[in-house]
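Engineer: Need the 3D shape of this:
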Amino acid sequence: MRKKTRRIFAALSATMMVAALGLGGCAGGDGAQENGSASDAGAGGGSSAAKTQAAESAGEPAGEAVTLQIFAANSLTKAMAEAQELYTQQNPNVTFGDTQYEASGTLNEMLGAGQYADILIAASKGTMDDAVEAGYVDEATRSTMFTNQLVFVTKEGGELAGTDVTLKDVAAGAYTLSVGDENVPAGNYACQALSTVGAYIEPDGTTGADATGKGGEFSDALKDKVTLGGKVGDVCKYAETGDVDLAMVYTSDVYRMGGVTICSVVPDDTHKAITYPGAVTAQSEHAEAARAFLEWCMTDEDCAKIWQEWGFDMATE
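Structural biologist: Residues are numbered from 1 along each chain as shown. The predicted model follows:
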């Protein structure tokens, strides 16, 4: 009887051990399954992780909504809109307010009047220098983002289409012309170029890249033939409508405005280098996110394609 009891007890003990091992195996299996799921999410379904990482790289906690307000030069209008859309796709927690596109000098005036922005992107080094001096931006965040070219354009399909226009032709008074006013960097560059052929006279007599393109006068042969525009887009429009024979604008304006064709490129050595510096404003409440966006604009390969499609070259400095 005792032997039978011991055999029953031993059998029960063995059964309990097997059951315990089975439970342990199930627990281990579930753990492996969970680990496998996590691994799969990291490899194939990593969109959430990628979004989290992208949000953190934008300088804000993951998931925290950030709205950036940008002040940008007029010529960036269409390219910047596409860049912002792409950035929000990659960084869902970052959106953009009503981006203000104005002449660079006007953007500085807006900042000086107390209007809020996180980022300033100007169309000239001089304008950004003014912003730094006035304390509108954080100089440590300043970078040269893009470059551009100055060109003569005329109405698409017009009489001058295909004509190789020179600065000397314009100085001789052969054509009516539109350029930006003193608040428009494209206008400053145009006046610098015109000064090299005596068509624009600086107050101190300097010419070309040494000139400011401000405060001077057009020559007698040209002054009655010049129409000033408050925005580079307006300048381009005057040529498109045929109100003037020629306009001096950026290459990028031909892409974004349409309706005009390039006659010739204004020699680079007749004016200061056309650069677009960007910086985080001193008042920004999202400085890290703003800085991350500027960095992305200059380094993301897909974004670079957007700038190039709209006529901008990436700065190399």
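
Engineer: Tell me which residues touch V266, please.
Structural biologist: V266 is in contact with 149-152, 167, 189-190, 193, 248, counting by Cβ atoms under 8 Å, 6 or more residues apart in numbering. C-beta: built from backbone N, CA, C; applies to glycine.

Engineer: Quick one: the helices in the chain, in order.
Structural biologist: 2-43, 47-57, 77-90, 104-112, 125-134, 167-171, 185-195, 232-241, 251-257, 287-299, 301-309 (DSSP state H).

Engineer: rewinding a little: farthest-apart pair in the contacts of V266, please.
Structural biologist: Q149 and L167 (14.5 Å; Cβ to Cβ).

Engineer: Compare the two and say which one has the larger neighbour count.
Structural biologist: The residue with more neighbours, out of Q149 and L167, is L167; 21 against 17, by other Cβ atoms under 10 Å.

Engineer: wait, isn't the more buried one in contact with S195?
Structural biologist: No. Under the criterion of Cβ atoms under 8 Å, L167 is not in contact with S195, lying 9.7 Å apart.

Engineer: Pull out the buried residues from stretch 68-82.
Structural biologist: 68-81 (16 or more other Cβ atoms under 10 Å).

Engineer: Quick one: these as TSV, columns for distance to Y200 and pLDDT too.
Structural biologist: Shown next, in TSV, are those (distance: Cβ to Cβ, whole Å; pLDDT from 0 to 100):
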residue	distance to Y200	pLDDT
L68	38	98
Q69	36	98
I70	32	98
F71	28	98
A72	27	98
A73	22	95
N74	22	93
S75	21	92
L76	26	96
T77	27	95
K78	30	95
A79	29	97
M80	30	98
A81	34	97
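
Engineer: got TSV for these, with distance to E217 too?
Structural biologist: Converted to TSV, the buried residues of stretch 68-82 look like this (distance: Cβ to Cβ, whole Å):
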residue	distance to E217
L68	41
Q69	38
I70	35
F71	31
A72	31
A73	26
N74	25
S75	26
L76	30
T77	31
K78	34
A79	34
M80	35
A81	38
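
Engineer: ok, the residues you listed vs V132, which is closest?
Structural biologist: F71 (14.6 Å).

Engineer: give the contact list for the closest residue to D302 other than its chain neighbours.
Structural biologist: With sequence-adjacent residues excluded and distances taken as Cβ to Cβ, 6 or more residues apart in numbering, D302 is closest to L86, at 6.2 Å. If a contact means Cβ under 8 Å, 6+ apart, then L86 has 300, 302-303, 306 as its contacts.

Engineer: Distance to D253 and neighbour count added to those, as JSON lines?
Structural biologist: Below are those laid out as JSON lines (distance: Cβ to Cβ, whole Å; neighbours: other Cβ atoms under 10 Å):
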{"residue": "D300", "distance to D253": "24", "neighbour count": "15"}
{"residue": "D302", "distance to D253": "23", "neighbour count": "12"}
{"residue": "C303", "distance to D253": "20", "neighbour count": "19"}
{"residue": "I306", "distance to D253": "16", "neighbour count": "20"}
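
Engineer: For those, work out which two are farthest apart.
Structural biologist: D300 and I306 (9.2 Å).

Engineer: For the contacts of V266, pick the one with the most neighbours.
Structural biologist: A190 leads these on contacts (other Cβ under 10 Å) with 31 neighbours.

Engineer: related to what we said a few turns ago, how near is the residue nearest to D302 to P267?
Structural biologist: 35 Å (Cβ to Cβ, to the nearest Å).

Engineer: Closest one of the buried residues of stretch 68-82 to A161?
Structural biologist: Checking the buried residues of stretch 68-82 one by one against A161 (Cβ to Cβ), the nearest turns out to be S75, at 22.2 Å.
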